[in-house]
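# Next input, structure requested:
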Amino acid sequence: MIQDREFKDLIFNEFSNIGKCLSSPRRIEILDLLISGPKSVEKLASITQMSVANVSKHLQTLLHANLVIYTKEKNYVYYQLANEKVIDFLAMFYKISENQCNCLLYTSDAADDSLRVD
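Now for the predicted structure:
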């Protein structure tokens, strides 16, 4: 039988794996790109302007946290978000980020106002 402390250690370790995924702007970008549907490693590398090896390493971290899944078709590997809950999680993450980060509080309207010359 698992003890309370062991259970907490296990569950918080899993939570920290997701936190690790969010600690990299590149991994967040990859997750964001996968919202629109499955993409090959090569396509993700092209869009993000990273090497295939670098994208693959980021995808392995996301896979370890169960945020993405993959399928193989011939010589290509396609990644997609693991399920709809990941999309919901990202939407909430973006909302929290918008509320908490001063740098994101400036809308395009505010940027337009600051650029106007009267």
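# got the contact list for stretch 15-26?
Applying Cβ atoms under 8 Å, 6 or more residues apart in numbering, the contact partners of stretch 15-26 are 27-28, 31, 48, 50, 54, 58, 61-62, 64-65, 67, 93. Bear in mind the C-beta positions are built from the backbone N, C-alpha and C, glycine included.
# quick one: the nearest residue to residue 52 once chain neighbours are set aside from residue 38, how far?
Leaving aside its sequence neighbours, residue 52 sits nearest to residue 45 (Cβ to Cβ, 6 or more residues apart in numbering; 4.6 Å). Distance, residue 45 to residue 38, by Cβ to Cβ, to the nearest Å: 15 Å.
# These two: who's more crowded?
Legend: neighbour count by other Cβ atoms under 10 Å for residue 45 and residue 38, higher for residue 45 (18 against 15).
# Name the helix or strand for the more buried one, please.
helix 41-48 (DSSP states H and E).
# That concludes my questions; thank you for your assistance.
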